[in-house]
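Colleague: Fold the stuff below for me.
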Amino acid sequence: MKVRPLHDRVLAKRIDTGEQVHGGIVVPDSARQKPQDAEIFAVGPGKVNDSGSRSPLDVKKGDRILIGKYSGAEITIDDEDYLILREDEILAVVNL
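Modeller: Numbers count the residues shown, from 1 in each chain. Model prediction:
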């Protein structure tokens, strides 16, 4: 399935950090914090400004980003969990 975000929205997937162990105790999935790292899979064309032209987004497909724990709307596509969020919900772009 192809998904194309609208306006200034992006489609991203949280990057799972794997199993968390604190002091030899395995933390169950229900008690884990949501990862704040994500990868962008699709971007919208940009927001239309007052003059009628589009402002391009500062991020692109493949960028690794930092987001808030509760940012965006969670959706499921082909049994995979994704987020659709606005560009202003993105905290930073991570350069590796």
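
Colleague: what residue ranges in this protein score low on pLDDT?
Modeller: Low-confidence segments of the chain, defined by pLDDT under 70: 1, 17-35.

Colleague: residue nearest the centroid of it?
Modeller: Nearest to the mean C-alpha position of the chain, by CA atoms, centre = their mean, lies residue 12 at 3.4 Å.

Colleague: buried residues in the host helix or strand of it?
Modeller: Using DSSP states H and E, the element containing residue 12 is strand 9-14. Neighbour counts using 16 or more other CB atoms under 10 Å place 9, 10, 11, 12, 14 of strand 9-14 among the buried residues. C-betas here are computed from N, CA, C, even on glycine.

Colleague: How about stretch 84-94?
Modeller: Of all the residues in stretch 84-94, those buried under the rule 16+ other CB under 10 Å are 84, 85, 86, 87, 89, 90.

Colleague: And the contacts of that stretch?
Modeller: 5, 8-12, 36-37, 47, 57-59, 63-68, 71-73, 75 (CB atoms under 8 Å, 6 or more residues apart in numbering).

Colleague: got the end-to-end distance for it?
Modeller: This stretch, stretch 84-94, spans 19 Å end to end (CA to CA, to the nearest Å).
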